[in-house]
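Enquirer: from the sequence below, what's the structure:
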Amino acid sequence: MRILFLGDVVGRAGRTAVADRLPEIRRDWRLDFVIVNGENASNGMGLTAPHAELLLEAGADCVTLGDHAFDQKDMLGEVERNPRILRPLNYAKTAPGKGARVFDAAGGRKVHVIQVLGQVFMKRPFDDPFSTVDAALKLAPLGGTADAVIVDFHAEATSEKMAMGHWCDGRASLVVGTHTHVPTADAQILERGTAYLSDAGMCGDYDSVIGMDKLEPITRFVTGMSKGRFTPAGGEATLSGVFVETEAGTGRAKRVVPVRLGGRLAPSVPVD
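Expert: Model (predicted):
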């Protein structure tokens, strides 16, 4: 299978880039399944139902969220109504929606997508992500119920993300980090066949501070005081993420390529 994962969509710039470019990318790269992390797509904090629909209409098969999952209040209902949107699996047990789901893909194949939050340096203590992911992996195992398994690990600490990659090695097609908005350079296939990347980066304007207009974050760092709200930067966005190609039968990764397209970052795309 040919699978694309796009990192955190930030604001209007990120939404526009996904809406404008994903249909062509999906066709030209012959993608079987696309996952987009949309948790910062609506004014940089959370995701509204209309913006979720825009990402899905552009070609996403699944939209994942993160620690801002319910910052936009209409998502409390939308995540229940729309099975293609996943909130974190280890969120509060009373939270609406699901954190893992098996999706139908081309040719009758099944893709199991899991979205989970880290604990280290996060603002609130979420349930243990390792035992939570372990239970989900056992429900739809790779090479059995699922032809591919994708884990979106929304976490701050690189060490925690790397530990999750090795914890899932051989049981997932791809473990990819989100949340920090800066793409890392460690794309690799682990010993037992799981593709791994510490952070997919963001789909947003990189002439910014992690997607936000530069002035307010710099002011807070320099003075320790807030002068206003964070607002998403509005320049040309880079689409950042990762492409993975899996083996038939096993679901293990045979190729992984970081994706960076448009905007300010040096380009990186899959080449056949």
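Enquirer: show me what contacts Arg220?
Expert: Shown in contact with Arg220 (Cβ atoms under 8 Å, 6 or more residues apart in numbering): 226-227. Glycine gets a C-beta too; all of them are placed from N, C-alpha and C.
Enquirer: tell me the helix or strand right after the helix or strand containing it.
Expert: Assessed by DSSP states H and E, Arg220 sits inside helix 215-223. Note on helix 215-223: by DSSP H and E, the next helix or strand toward the C-terminus is strand 239-246.
Enquirer: flag every buried residue along stretch 76-89.
Expert: Across stretch 76-89, burial judged by 16 or more other Cβ atoms under 10 Å covers 78-79, 82, 84-89.
Enquirer: how about stretch 247-264?
Expert: Judged by neighbour count (16+ other Cβ under 10 Å), stretch 247-264 contains these buried residues: 247, 251-253, 256-261, 263.
Enquirer: hang on, the earlier thing: for the helix holding Arg220, buried residues please.
Expert: Buried residues in helix 215-223, defined by neighbour count with 16+ other Cβ under 10 Å: Glu216.
Enquirer: show the average pLDDT along that helix.
Expert: Averaged across helix 215-223, the pLDDT comes to 95.
Enquirer: can you show me the CA trace of it as CSV?
Expert: Extracted in CSV, the C-alpha atoms of helix 215-223 (Å, rounded to 0.1, in the frame of the first residue of the first chain):
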residue,chain,number,x,y,z
LEU,A,215,5.7,38.9,17.0
GLU,A,216,3.6,37.6,19.9
PRO,A,217,5.8,34.5,20.6
ILE,A,218,9.0,36.5,20.5
THR,A,219,7.5,39.2,22.8
ARG,A,220,6.6,36.5,25.3
PHE,A,221,10.0,34.9,25.2
VAL,A,222,11.9,38.3,25.5
THR,A,223,9.7,40.0,28.1
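Enquirer: show me the strands in the stretch 1-150 of the chain, by range?
Expert: 2-6, 8-9, 33-37, 62-64, 85-86, 100-104, 110-117, 148-154 (DSSP state E, counting those that start in this stretch).
Enquirer: so which residues make contact with the fourth one?
Expert: What that stands for is strand 62-64. Here strand 62-64 makes contact (Cβ under 8 Å, 6+ apart) with 33-39, 47, 52, 55-56, 84-86, 101, 103, 111, 113, 115, 152, 154, 178.
Enquirer: go again with 10 Å.
Expert: The contact list for strand 62-64, computed with Cβ atoms under 10 Å, 6 or more residues apart in numbering, reads 5-6, 8-9, 33-39, 41, 47, 51-56, 79, 82-88, 99, 101, 103, 111, 113-116, 150, 152, 154, 178.
Enquirer: one more: the fifth one?
Expert: Applying Cβ under 10 Å, 6+ apart, the external contacts of strand 85-86 come out as 35, 37-38, 47, 49, 52-53, 55-56, 60, 62-65, 69, 75, 78-79, 97-101, 103, 113-116, 152.
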